[in-house]
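Novice: Based on what follows, work out the 3D shape:
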Amino acid sequence: MPEQSEEVILDAVLQLPPDQRPAHLQTACRDDPKLYQRLSSRLLIHELSSQAESPQGYGPHKTVIVTPTEKIGDKIGHYRLLQQIGEGGFGVVYLAEQEEPVRRLVAFKVIKLGMDTKEVITRFEVERHALALMDHPNIAKVVDAGATEAGRPYFVMELVKGIPITEFCDQNNLTIRERILLFIEVCRAIQHAHQKAIIHRDIKPSNILVAYHHSGPVPMVIDFGLAKATTGQRLADKTFITAMRQFIGTLAYASPEQVQMNNRDIDTRSDIYSLGVLLYELLVGKTPFEVMRGHPEREEEMRRCIREQEPPLPSRRLSTMREAEIREIAKNRQVEPLKLVHLIRGDLDWILIKTLEKDRARRYETANGVAVDLQRHLDHEPVVARPPGNLYRFQKLVRRHKLAVAAAACVFFLLIGGFSLSSWLYLKEKVAERQANAQAENSRHVARFFVDMIKGVEPDVALGRDTTLLRDTLDKTARRISGDLKGEPDVEAELRSSFGEVYAALGDFPKAEAMHRQALIMRRRLFANENPEVAQSLYDLAEVLRAEKKYTDAEPMYRSSLAIRRKLLGKDSVAVAESLQGYARLIYDRSMSGKNGGLDEAVAALRESLDIRERLQPDDWQTFDTRSVLGGMLLEAKQYAEAEPLINNGYEGLYQRRDQIPLALKPHLKTALERQIRLYQLTNRPELADQSTARLASLDQPAAPDPDPKPIKP
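Specialist: Numbering: from 1, shown residues only. Sure, this is the predicted structure:
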């Protein structure tokens with residue numbers, strides 16, 4: 001029977017009083033049982049939706065149980081049910097095989113038996129129509145739709161073989177950058193839905209499934225069953241009405257406006273908030289507010305928190321976690337715990353705070369806006385979410401153009417170095433050897449200037465980035481050293497040592513190791529073994545070997561450097577303190593990695609280093625840094641009473657001298673403050689830990705000064 005005839009029959013039935021409709025419909029469809037089932041279902045939806053539109057519609061919903069139910073092996077239309085693979089609040093999802101016109105596996109979703117209410121049926125229709133409107137590679141597509149012989153609506157989707165996005169990221173140990181890139185794809189999919197005037201309203205990990213394809217991990221957004229049209233378009237025959245105090249969505253991911261008593265005023269910015277909660281969980285491992293399911297009074301408190309309480313900064317949330325917890329979270333992101341906090345602090349804090357604003361007018365306007373700001377963060381461009389400041393913009397400029405800056409530095413070095421070398425050769429021929437030696441010293445200063453310039457670009461940020469151009473330029477310049485400085489091994493050794501520092505700063509430890517080894521060989525040939533320059537090369541090489549975790553090779557280098565410096569310089573030497581501290585760090589790192597070596601030995605060496613620094617440079621920032629490091633080691637040894645004054649004094653001294661070396665000091669200051677937080681956590685003083693955490697969070701806020709520098713009184 002043509003589809004037009006169905007409409008005619010239904011319209012005729014609807015003209016009759018409700019008690020006469022079933023008999024008339026049965027008479028009109030007496031020759032077509034399937035037509036009768038379809039029209040009965042539509043009539044039921046119409047009648048129950050009409051009830052919902054009246055004041056009497058609020059309250060308990062009538063449930064109409066339709067039998068029989070589906071079972072594995074049943075064939076419905078062109079689809080044979082193979083197994084149940086999912087179940088939501090109102091629908092059951094089966095793995096099914098489509099037998100014609102093509103044979104393939106699909107997801108077959110049908111209203112759950114016993115949930116055949118007016119509201120559920122309408123939601124089901126909403127999801128079917130919402131999915132049909134969209135065409136995006138990251139949104140599951142609708143293949144077919146219809147009704148079972150019992151009249152229960154179903155629709156067929158492409159089969160998404162994936163797992164929730166949070167589980168996928170943790171199981172595959174995705175880095176922070178990889179998680180952000182995956183999340184950006186989700187934002188693009190939600191943006192597509194918003195452009196089709198559809199709000200998802202239930203964005204959460206289980207509704208974003210991820211699986212590996214030939215191009216890599218691909219997220220798929222599913223379950224638009226709670227979708228709402230924003231332009232008034234009809235997504236079903238009757239739009240369901242939400243009862244008073246009825247919550248739509250998933251509480252942990254719901255926006256403040258969703259948890260209001262009357263949540264009809266929902267727009268696309270509600271999805272922006274839910275995206276923020278999802279990103280928070282991807283980065284931190286937890287949602288901003290934890291839900292206590294099954295406890296109505298706690299859930300009401302949760303609603304109040306979502307409406308009124310500001311979410312904790314992600315970096316602050318990480319800083320206050322238990323040690324075992326943050327270690328597990330950091331492990332799933334392939335990063336050390338402290339490094340994870342540094343990665344999140346700053347741009348990502350700002351982006352998430354803007355996304356999770358209580359006032360939706362202050363959130364990102366679109367999902368695409370979130371994606372663009374995240375990409376700007378990855379590209380080291382200023383993000384919209386962060387209040388602009390001159391220092392912040394300059395840092396972003398340098399990071400964004402680090403290759404050009406580094407290349408310019410190399411060119412500058414070549415020009416100055418070439419000029420210096422030519423001048424030196426000219427002076428060697430025309431003037432005295434004293435002037436030539438002075439020019440060689442100038443070459444050393446040029447090399448040191450180049451090293452300091454590269455360090456000023458904050459090369460730790462460049463680790464893992466594309467530094468091909470910079471490395472190629474460095475390699476070409478390094479290869480010229482031997483030729484251009486032939487016959488001047490002392491200058492060549494100095495330059496190789498400097499280039500070793502540059503490679504180490506860029507994270508290229510194998511090349512740094514090679515440069516320092518060559519410098520060491522040349523200096524031993526020039527000065528024999530017992531010489532300050534040789535001791536410096538031994539120390540530099542040991543530092544690189546420690547960074548590469550080659551502890552067995554590094555230990556004799558540290559010992560030799562220390563022995564030479566002690567013999568030549570005596571006990572009162574900052575160079576001796578430097579070697580002692582490096583050796584202490586080696587023993588400590590080896591001890592923490594579970595290899596042989598003891599924490600006690602590291603503590604003893606660092607005590608001696610601190611004693612020297614306190615006698616020779618009591619007010620220098622490095623002395624306070626050494627105190628903080630020693631306090632951290634004692635903390636690991638559970639010697640809390642002795643660790644506390646060292647940690648507190650170390651932080652306070654660094655804070656007061658924070659302007660001595662602006663680029664290098666800030667990481668030391670943060671690390672010292674993180675040791676203080678851990679001290680208070682381990683000694684069960686949460687109030688003090690919170691005060692220190694507030695200080696830590698403020699360090700990256702360009703518009704506000706650091707908190708009160710007065711020491712925290714235990």
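Novice: going forward, measure contacts between C-alpha atoms and count neighbours the same way
Specialist: OK.
Novice: Neighbours of residue 489, how many?
Specialist: Other residues lying near residue 489 total 16 when counted by other CA atoms under 10 Å.
Novice: residues touching it, list them.
Specialist: Contact partners of residue 489, counting by CA atoms under 8 Å, 6 or more residues apart in numbering, are 522, 526.
Novice: How about residue 95?
Specialist: Contact analysis of residue 95 by CA under 8 Å, 6+ apart lists 81-85, 105-108, 159.
Novice: Residue 171 too?
Specialist: Residue 171 sits in contact with residue 332, where contact means CA under 8 Å, 6+ apart.
Novice: So in terms of bridging, what pairs with residue 198?
Specialist: residue 229 (DSSP bridges).
Novice: pLDDT at it, what is it?
Specialist: Listed pLDDT for residue 198 reads 83.
Novice: and what of residue 557?
Specialist: 93.
Novice: any idea how far it lies from residue 612?
Specialist: Distance, residue 557 to residue 612, using CA to CA, to the nearest Å: 21 Å.
Novice: Over to residue 568?
Specialist: With CA to CA as the criterion, residue 568 and residue 612 are 16 Å apart.
Novice: More neighbours: which of the two?
Specialist: residue 612 (22 against 14).
Novice: these two touch, right, the more buried one and residue 574?
Specialist: Yes. Residue 612 is in contact with residue 574 according to CA atoms under 8 Å; the separation is 7.0 Å.
Novice: re earlier: now the contacts of residue 95 in TSV, please, with extra columns for distance to residue 526, secondary structure and neighbour count.
Specialist: Converted to TSV, these look like this (distance: CA to CA, whole Å; DSSP: H, G, I helix; E, B strand; the rest coil; neighbours: other CA atoms under 10 Å):
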residue	distance to residue 526	secondary structure	neighbour count
81	83	strand	22
82	80	strand	17
83	79	strand	13
84	78	strand	16
85	75	strand	13
105	75	strand	19
106	76	strand	21
107	76	strand	25
108	80	strand	29
159	72	coil	18
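Novice: Format those residues as CSV; extra columns: pLDDT and distance to residue 197.
Specialist: As requested, the contacts of residue 95 are exported to CSV (pLDDT from 0 to 100; distance: CA to CA, whole Å):
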residue, pLDDT, distance to residue 197
81, 91, 33
82, 89, 35
83, 88, 34
84, 86, 32
85, 81, 30
105, 88, 30
106, 87, 27
107, 87, 25
108, 89, 25
159, 83, 25
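Novice: so which of the residues you listed comes closest to residue 312?
Specialist: The closest of the contacts of residue 95 to residue 312 turns out to be residue 85 (CA to CA; 36.5 Å).
Novice: show me the contacts for residue 85.
Specialist: 93-95.
Novice: ditto for residue 140
Specialist: Residues near residue 140 by CA under 8 Å, 6+ apart: 131, 157-160, 220-222.
Novice: and it, backbone torsions?
Specialist: phi -60, psi 130 (degrees, to the nearest 10).
Novice: mind putting the contacts of residue 85 in a markdown table, distance to residue 380, pLDDT and secondary structure included?
Specialist: Below are the contacts of residue 85 laid out as a markdown table (distance: CA to CA, whole Å; pLDDT from 0 to 100; DSSP: H, G, I helix; E, B strand; the rest coil):
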| residue | distance to residue 380 | pLDDT | secondary structure |
| --- | --- | --- | --- |
| 93 | 43 | 86 | strand |
| 94 | 45 | 88 | strand |
| 95 | 44 | 88 | strand |
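Novice: Please name the nearest non-neighbouring residue to residue 554.
Specialist: In space, and not counting its chain neighbours, residue 554 is closest to residue 542: 4.6 Å by CA to CA, 6 or more residues apart in numbering.
Novice: Now do the one you found, the pLDDT please.
Specialist: Model confidence at residue 542 (pLDDT) stands at 93.
Novice: ok, now residue 488?
Specialist: So, for residue 488, pLDDT stands at 69.
Novice: Please apply the same query to residue 68.
Specialist: 42.
Novice: go on, residue 128?
Specialist: The model reports residue 128 with a pLDDT of 67.
Novice: Fine by me, we can end here.
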